[in-house]
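Chemist: Pasted the sequence and its predicted model underneath.
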Amino acid sequence: MQTSIPSPYTGTLDGIRKITAAEGTGGLYKGLYPLWGRQIPYTMVSVDLISHPLEMVLFEQDVALLLLDVPNVLVLHVFSRLLGFNLIL
């Protein structure tokens, strides 16, 4: 949490009251979009990349299919490019 010394707020309710007075109700939620912009793609990719191979191993499917799983490879490629990594596929 970012704070300044001394704190402009004396407590939680005082902070909520002052923020809503200065910025409106939207001021309480302005940090959610950057958080969602980072967390949602990360969670989608990590869950897909962990759950799919684990599912294949647990249900004894052909592991070679993992290499041919085009949606997983495309998702990994797209998000790696968005994050600035250059994957060689």
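Modeler: The structure has been received and is ready for your questions.
Chemist: Mark out where each domain of the protein begins and ends.
Modeler: Following automatic domain parsing, the chain resolves into domains at 1-30, 34-89.
Chemist: looking at these, which one has the lowest mean pLDDT?
Modeler: Among those, domain 34-89 carries the lowest mean pLDDT, a mean of 69.
Chemist: Pro53: how many residues sit nearby?
Modeler: 15 (other CB atoms under 10 Å). Placement of C-beta: from N, CA and C, glycine included.
Chemist: what helix or strand is it on?
Modeler: In this assignment (DSSP states H and E), Pro53 forms part of helix 32-58.
Chemist: which other helices and strands contact that helix?
Modeler: helix 64-67, helix 70-82 (3 or more CB pairs under 8 Å, 6 or more residues apart in numbering; DSSP states H and E).
Chemist: separation between Ile40 and Tyr29?
Modeler: 16 Å (CB to CB, to the nearest Å).
Chemist: Check Trp36 too.
Modeler: 11 Å.
Chemist: and if you look at Leu82?
Modeler: Separation of Leu82 from Tyr29 (CB to CB): 24 Å.
Chemist: Let me know how buried the nearest residue to Glu23 once chain neighbours are set aside is, in neighbour terms.
Modeler: Leaving aside its chain neighbours, Glu23 sits nearest to Lys30 (7.6 Å; criterion: CB to CB, 6 or more residues apart in numbering). Using other CB under 10 Å, Lys30 has 10 other residues around it.
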